[in-house]
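Colleague: Model the structure of this input:
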Amino acid sequence: MSAIAYLNFDGIADQAIGFYSEALSAFEVKVVKFGDIPQDPNYPMPENELNMIMESSIEFAGGKIMMSDILPSMKAVTGELVKGNTILISLVIHDKQKLEEYFNHLSVGGQVIMPLSSYPWSSCFGMLVDKFGVNWKFNSDADQFLDNVISNKQ
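Modeller: Predicted coordinates:
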């Protein structure tokens, strides 16, 4: 089993896919638009929704992120999208060079909250909010720190 971050966008998922694919050096990108699936002639989709992203995924070293657009016609059911801090994506990568590369690429157009640096819980940790309002945490070895804290408590 794996848990995968799934990001929803308000008609700009195609831009996000391009940005994240490049920033994370994705090796596989899959995209399905609403217009790619068979349409029910009794309930045709509005023309402006056919090119929106129904489902997508990018795979990169050690991870996968899925994304889609929320259709304007579905907002009555799903509600409006609100940027916020209720979710963040945490990347734990032991390769510090790759960690720095991802951090630098994802910070373009965004805001660095904590620059990459050494902290008591990680030899390389940082936080940022990217240009789409998504929060990111970067760790080179935080999982080892947690294992040590847990084993010392026992």
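Colleague: where's Ser68 relative to Tyr43, distance?
Modeller: Distance, Ser68 to Tyr43, by C-beta to C-beta, to the nearest Å: 19 Å. C-beta coordinates here come from the backbone N, C-alpha and C atoms, glycine included.
Colleague: Looking at those two, which is more packed in?
Modeller: Legend: neighbour count by other C-beta atoms under 10 Å for Ser68 and Tyr43, higher for Ser68 (21 against 6).
Colleague: Might one say that that one is in contact with Phe9?
Modeller: Yes: counting by C-beta atoms under 8 Å, Ser68 sits close enough to Phe9 to count as a contact (7.3 Å).
Colleague: Name the residues contacting each of these two.
Modeller: Ile53 (C-beta atoms under 8 Å, 6 or more residues apart in numbering).
Colleague: ok, what's across the strand from Met66?
Modeller: Tyr6, Ser57 (DSSP bridges).
Colleague: Which helix or strand in the protein has the lowest average pLDDT?
Modeller: helix 142-153 (a mean of 56; mean pLDDT, DSSP states H and E).
Colleague: Quick one: residues contacting the spatially most central residue of the chain.
Modeller: The residue lying closest to the centre of the chain (C-alpha atoms, centre = their mean) is Ile65, at 5.3 Å. Going by C-beta under 8 Å, 6+ apart, Ile65 touches 4-7, 20, 24, 57-58, 89.
Colleague: Quick one, which of the residues you listed are buried?
Modeller: 7, 20, 24, 57-58, 89 (16 or more other C-beta atoms under 10 Å).
Colleague: Redo those as a markdown table? Include pLDDT and distance to Gln97.
Modeller: Listed next are the buried ones among the contacts of Ile65 as a markdown table, based on pLDDT from 0 to 100; distance: C-beta to C-beta, whole Å:
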| residue | pLDDT | distance to Gln97 |
| --- | --- | --- |
| Leu7 | 93 | 26 |
| Tyr20 | 97 | 19 |
| Leu24 | 96 | 14 |
| Ser57 | 95 | 25 |
| Ile58 | 96 | 20 |
| Ile89 | 91 | 20 |
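Colleague: If anything else comes up later, I'll come back, but that's it for now.
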